[in-house]
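A.B. asks: pasting a predicted model and its sequence here:
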Amino acid sequence: MMKSLIRWSATLSLLGSTLLGTWSAQMPKVLALPEAEVIELLQGVPVFTITTEDGGPLIANLEDQKVTQVFMSQEDANRFLAQLQKNQPEIGSRVKVQPVSLGEIYRFALANNTETESLKFAYIPMQSAVESAKKVLGDNGQQYQGGVPLFILRGGPENSILTIEQNNQQVIPFFFEKAPIQAIAERMKKDQPDIAATMKIEVVALENIIGLLQTQDDAMLKQIQLVPSQETMKFIQEAIESQQSQGQ
């Protein structure tokens, strides 16, 4: 089964070591991929923001820059809110954690970027993912330079990137945590030991992937699939079950 599902993409040269930095939140006016396609690609990833009573994001003014935080983990967002309620109860009592898709964050960022003013989104990664990224990068002779880590598997012919067949289409999975991609690598050691010997896990930054979608014209970018963490997958499942029970 694993042999039939796993392929190796032609080398996607855009995904090189240059992706280990952080992404500037400034949005270009002209996008390489249509806005709707970028939003669709990002839509399946829930993230968590702190919102005010009117539904807008909680904004901090840092050095004349407006910044709002976007958490990859609901638990991290809840901890931040609890700390805010303790330290600044006058603000904490009027805000809440709100789930929203990464696609909607992207749409909001575009709408709030003008020549005179822009809103910067600070993406807050899961600490466990950061620790995994530091180890992977350290093993590869590199250093973590910030951003939300995404994990990919590279190897096989021409040191290509892992792709997986899904609904008769080839997708390039980018995982928000290391464990799933590590599990694939372990299974391939049994199913395809010759290829497994060439494999290694690599780390790229979510912010840079978004930057590529904005600035590069490469059909393979449309094959990218962002795979949420187990915590977020559980949140999605619970949300679906809640909707189903309400519809009955």
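C.D. replies: Cool, got the structure. Residues are numbered from 1 along each chain as shown.
A.B. asks: got the contact list for the one residue sitting closest to the centre of the chain?
C.D. replies: The C-alpha lying nearest the average C-alpha coordinate of the chain belongs to Leu206 (CA atoms, centre = their mean; 4.6 Å). Leu206 makes contact with Trp23, Tyr123, Gly147, Val148, Pro149, Leu150, Phe174, Phe176, Leu226, according to CB atoms under 8 Å, 6 or more residues apart in numbering. Just so you know, the C-beta spots here come from the backbone N, C-alpha and C atoms, and that holds for glycine as well.
A.B. asks: and what of Leu58?
C.D. replies: Thr49, Ile50, Thr51, Thr52, Thr68, Gln69, Ile91, Val95.
A.B. asks: and the strands in this protein?
C.D. replies: 6-8, 46-51, 60-62, 65-71, 96-101, 119-124, 149-155, 160-166, 169-175, 200-205, 224-227 (DSSP state E).
A.B. asks: where does this protein dip in pLDDT?
C.D. replies: For the chain, the stretches flagged by pLDDT under 70 are 1-32, 114-117, 247-248.
A.B. asks: sorry, back to before: quick check: the residue nearest to the centre of the chain vs Gln237, distance?
C.D. replies: Per CB to CB, to the nearest Å, Leu206 is found 22 Å from Gln237.
A.B. asks: what is the neighbour count of Ala109?
C.D. replies: Residues lying near Ala109 (other CB atoms under 10 Å) number 19.
A.B. asks: likewise for Gln166?
C.D. replies: Counted with other CB under 10 Å, the neighbours of Gln166 add up to 11.
A.B. asks: same thing with Gln216?
C.D. replies: 13.
A.B. asks: residues of the longest helix along the chain that come out buried?
C.D. replies: Longest helix in the chain, counting residues (DSSP state H): helix 230-247. Using 16 or more other CB atoms under 10 Å as the burial criterion, the residues of helix 230-247 that qualify are Glu231, Thr232, Phe235.
A.B. asks: no more questions from me, cheers.
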